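>>> based on what follows, work out the 3D shape:
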Amino acid sequence: MKAFHNPANRLVAASAALVLTALAVRRDRVSSTEERAFRAVNNLPDVIFGPLWLLMQCGNAGAPLAAALAALVRRDRRLAARLFVVGTTTWALSKVVKQRVRRPRPAVLLAATRRRGAEPAGLGYLSGHAGVVVALGAAALPRLQARGRAGVLLLAPVVGIARVYVGAHLPLDVVGGAALGLGVEAMVSMLDRARPARRRHAACNPAPHRLADVARPCSGGPAGLPRLR
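Have a look, this model is predicted:
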């Protein structure tokens, strides 16, 4: 798990999962393994619909704004901005991927699919709900205490399971969505880390006006290196 602390590693893993699932899905059929996994979840009893539906909303289109507002209440503007960016970007990109892959919803591909709640519109692969909840969870995880982290790590798979349970997605749709969300969060983290480095470089190497300015070091350290604090 420590390897995933590095956003570059998260991006590589997420990209691989996204490509593999996109290549595995078909527009006209479902593999027997994926169908068995789908049936096992989709045929769960109706009594759990209410709680699962409620938790499922943590991955809808409004979740990034709600999460950002929650961070603002805690006066964490940086986290609020990141939550909104990763969540809305993931939701938007999920629509792009859907149009590229064009896999139908489960009810089109599998007979006797149990559909619960509102009829899902659009295409199946990939799950925007799964993507958004993973992106938000990955962005929030470093700022949470142990109990909050446990909740996030539990919520993300529950939202994915809920999307299969209500008949909106097949299992590979959920895996692909989760991969997209993780990849978006990793990319935003990498860009965020690069920004302070660019600022330090600019401070240590301003545009030279004289020849002597070209190799001027940062104050307090060896040439080209900022002072350590």
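
>>> let me see the contact set for residue 124.
Counting by Cβ atoms under 8 Å, 6 or more residues apart in numbering, residue 124 touches 98, 103-106, 108-109, 168-170, 173. To be clear about C-beta, it is placed using only N, CA and C from the backbone, and glycine gets the same treatment.

>>> now, of the residues you listed, which are buried?
Taking 16 or more other Cβ atoms under 10 Å as the criterion, what is buried in the contacts of residue 124 is 98, 103-106, 109, 168-170, 173.

>>> taking the residues you listed one by one, which sit in helices?
Mapping these onto helices (DSSP state H) picks out 98, 106, 109, 173.

>>> distance to residue 148 and pLDDT added to these, as TSV?
Compiled in TSV, those are given as follows (distance: Cβ to Cβ, whole Å; pLDDT from 0 to 100):
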residue	distance to residue 148	pLDDT
98	31	97
106	33	97
109	38	97
173	28	98
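
>>> out of the residues you listed, who's nearest residue 18?
Nearest to residue 18 among these: residue 173, at 11.8 Å, using Cβ to Cβ.

>>> residue contacts, that closest one?
So residue 173 contacts 25, 103, 124-127, 130, 163 (Cβ under 8 Å, 6+ apart).

>>> in this structure, which ranges drop under the pLDDT threshold?
1-3, 196-229 (pLDDT under 70).

>>> now residue 88: how far from residue 50?
Going from residue 88 to residue 50 by Cβ to Cβ, to the nearest Å gives 28 Å.

>>> does residue 29 count as helix, strand or coil?
Following DSSP: H, G, I helix; E, B strand; the rest coil, we place residue 29 in the coil state.

>>> hang on, isn't it packed against residue 109?
Yes. Contact status for residue 29 versus residue 109: in contact at 6.8 Å, counting by Cβ atoms under 8 Å.

>>> check which helix or strand covers the most centrally placed residue in the chain.
Closest residue to the average C-alpha location of the chain: residue 181 at 1.8 Å, with Cα atoms, centre = their mean. Using DSSP states H and E, residue 181 sits in helix 171-204.

>>> now the strand or helix carrying residue 150 and helix 171-204, what's the angle there?
Per DSSP H and E: residue 150 is located in helix 146-165. Relative orientation of helix 146-165 versus helix 171-204 (axes from the mean of the first three to the mean of the last three Cα atoms, to 10 degrees): 140 degrees.

>>> which elements pack onto the helix or strand harbouring residue 12?
Using DSSP H and E, residue 12 falls within helix 7-24. With contacts defined as 3 or more Cβ pairs under 8 Å, 6 or more residues apart in numbering; DSSP states H and E, helix 7-24 has these neighbours: helix 77-101, helix 171-204.

>>> how many other residues sit next to residue 102?
With neighbours defined by other Cβ atoms under 10 Å, the count for residue 102 comes to 12.
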